[in-house]
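Engineer: coords please:
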Amino acid sequence: MFLWLGRRDVELHAVHVKLAGCHDQAVEIAGAVPTAASGLGQWGWLTVPLGAVHVDLLCDWVEESYRNVAPRKLVAQLDRQRRPGARRSRQR
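Structural biologist: Next up, the predicted model:
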């Protein structure tokens, strides 16, 4: 799990991401707080209110969260796809 969207029945919708490098930035800019669900906040998970930051920055945090929990092989594959001129694998 690298992203949790929370529950539908809450007043303020948020995403829950696992951040390391951008942890302090998310707290300062978006008012993110440690995630209370199941004590996940103690492992770097933050609850980020939707609408608190521009969607591009939120996407950066979602990507960091993915990179923090994904297997190295998948992160390397993502890096290869982002490099200019990198060969893309064909989907069948």
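
Engineer: drop to CA atoms for contacts and neighbour counts, all remaining ones
Structural biologist: Noted.

Engineer: Report all helices and strands that the top helix by length along the chain contacts.
Structural biologist: With secondary structure taken from DSSP state H, the chain has its longest helix at helix 55-69. Secondary-structure packing of helix 55-69 (3 or more C-alpha pairs under 8 Å, 6 or more residues apart in numbering; DSSP states H and E): strand 3-4, strand 14-18.

Engineer: Please repeat the previous calculation with a cut-off of 7 Å.
Structural biologist: Packed against helix 55-69 by the contact rule (3 or more C-alpha pairs under 7 Å, 6 or more residues apart in numbering; DSSP states H and E) you find strand 14-18.

Engineer: quick check: angle from the helix or strand following the strand it packs on to strand 14-18?
Structural biologist: Using DSSP states H and E, the next helix or strand after strand 14-18 towards the C-terminus is helix 23-30. Put simply, helix 23-30 runs at 160 degrees to strand 14-18, going by axes from the mean of the first three to the mean of the last three C-alpha atoms, to 10 degrees.

Engineer: And the average pLDDT for the helix or strand that helix 23-30 is followed by is what?
Structural biologist: Note on helix 23-30: by DSSP H and E, the next helix or strand toward the C-terminus is strand 33-34. Per-residue pLDDT values over strand 33-34 give a mean of 90.

Engineer: Run the chain-centre distance for strand 33-34.
Structural biologist: 14 Å (C-alpha atoms, centre = their mean, to the nearest Å).

Engineer: With stretch 51-59 instead?
Structural biologist: The answer for stretch 51-59 is 11 Å, by C-alpha atoms, centre = their mean.
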